[in-house]
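Visitor: pasted the sequence and its predicted model underneath.
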Amino acid sequence: MRTEQIKGHDIELAGVRVPNSSSWTAHLTIYGRGTNPMHRNSVFPYQQVCVETVFNSEQAAEEAALKVAMEML
């Protein structure tokens, strides 16, 4: 899992391995920053993005999730 800070949001990108496969899926969570650093506000809850695509590596899946996040922000 990789975390980025973009445009005032905390973005969590994850490549998740498909069971019994060498493929990966892209997952994304977007948090808004709150006044308390111990609490983040979920703007886009953890879920799979690019649902009809599988990737050859975890890094490729994370990059696809980052692209979706950038389009959303």
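Guide: Nice, I can see it. What you are looking at is a predicted structure, and each value in this text was computed from that prediction instead of being measured.

Visitor: any idea what the residue nearest the centre of the chain is bridged to?
Guide: The geometric centre of the chain, computed from its C-alpha atoms, lies nearest to residue 28 (Cα atoms, centre = their mean), at 2.3 Å. Residue 28 has the following beta-bridge partners by DSSP bridges: residue 13, residue 47.

Visitor: now it: how far from residue 43?
Guide: Distance of residue 28 to residue 43, computed by Cβ to Cβ, to the nearest Å: 11 Å. C-beta here means a position set from N, CA and C on the backbone, and glycine is covered the same way.

Visitor: and residue 52, what element?
Guide: When elements are defined using DSSP states H and E, residue 52 is found to belong to no helix and no strand.

Visitor: list phi and psi for it.
Guide: phi -100, psi 10 (degrees, to the nearest 10).

Visitor: and it, how many neighbours?
Guide: Residue crowding around residue 52 was assessed by other Cβ atoms under 10 Å; the count is 4.

Visitor: and it, how far from residue 59?
Guide: Here the criterion is Cβ to Cβ. By it, residue 52 lies 20 Å from residue 59.

Visitor: residue 72 now?
Guide: Remark: distance between residue 72 and residue 59 (Cβ to Cβ) = 20 Å.
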